[in-house]
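# Sequence plus predicted model, see below.
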Amino acid sequence: MATVNLDLVFNGNCKEAFDFYKSVFGGEYSYFGKYKDMPTYDSTKIPVEDAEKIMHISLPISKETSLMGNDHIEYFGRNTVFGNNFSLSINTESKEEADRLYNSLSAGGDLVMPMGDTFWDAYFGMLTDKFGVNWMVSFEHN
């Protein structure tokens, strides 16, 4: 079965964001690399100020899923636009786990929909964390 992982792009605060996510989910990074660690790193092409930024980071949050991220640098020619066009959806194994994750992720962020029972037989809530990432937390009763 295929799995889907989300790769989040930040503007220089990727490590701070992932340290926060690590404090919520636990575990260890399966990969952590800076742009200066790339085998093809060339300081004449990638500016020195970008060398310490995160090229790739991966945090396993279950057997099937990892949260991945990086810092945007202009060298690769992409613009980072933050918006509300995605959410990370977490399905938990208990109401207690749902509450813990919701409360931890919402620290310093915005509550969109408090945790509560829904008409589709789930315990569900939505939030935007302090880094502007949208989350949906759910525990399916059945």
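Perfect, thanks for sending it. Numbers count the residues shown, from 1 in each chain.
# Outside of the helix or strand Lys22 falls within itself, which residues are in contact with it?
If you go by DSSP states H and E, Lys22 is part of helix 14-25. Helix 14-25 has contacts (C-beta atoms under 8 Å, 6 or more residues apart in numbering) with 8, 10, 28-29, 53-54, 57, 59, 61, 67, 69-71, 101, 104-105, 129-131, 133. For every residue, glycine as well, the C-beta is placed using N, CA and C.
# And the buried ones among those, selectable in PyMOL?
Those of these that meet the burial criterion (16 or more other C-beta atoms under 10 Å) are gathered into one PyMOL selection, given here:
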select buried, resi 8+10+53+54+57+59+61+67+69+70+71+101+105+129+131+133
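# Okay, buried residues for the helix holding Lys22 please.
Cys14, Lys15, Ala17, Phe18, Phe20, Tyr21, Lys22, Val24, Phe25.
# Tabulate the residues you listed (a markdown table), appending distance to Asn91 and pLDDT.
Output for the buried residues of helix 14-25, formatted as a markdown table (distance: C-beta to C-beta, whole Å; pLDDT from 0 to 100):
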| residue | distance to Asn91 | pLDDT |
| --- | --- | --- |
| Cys14 | 25 | 94 |
| Lys15 | 27 | 96 |
| Ala17 | 22 | 96 |
| Phe18 | 21 | 97 |
| Phe20 | 21 | 97 |
| Tyr21 | 17 | 97 |
| Lys22 | 20 | 97 |
| Val24 | 15 | 96 |
| Phe25 | 14 | 95 |
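# Would you format these as JSON lines with distance to Lys36 included?
Output for those, formatted as JSON lines (distance: C-beta to C-beta, whole Å):
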{"residue": "Cys14", "distance to Lys36": "14"}
{"residue": "Lys15", "distance to Lys36": "14"}
{"residue": "Ala17", "distance to Lys36": "20"}
{"residue": "Phe18", "distance to Lys36": "18"}
{"residue": "Phe20", "distance to Lys36": "23"}
{"residue": "Tyr21", "distance to Lys36": "23"}
{"residue": "Lys22", "distance to Lys36": "22"}
{"residue": "Val24", "distance to Lys36": "28"}
{"residue": "Phe25", "distance to Lys36": "27"}
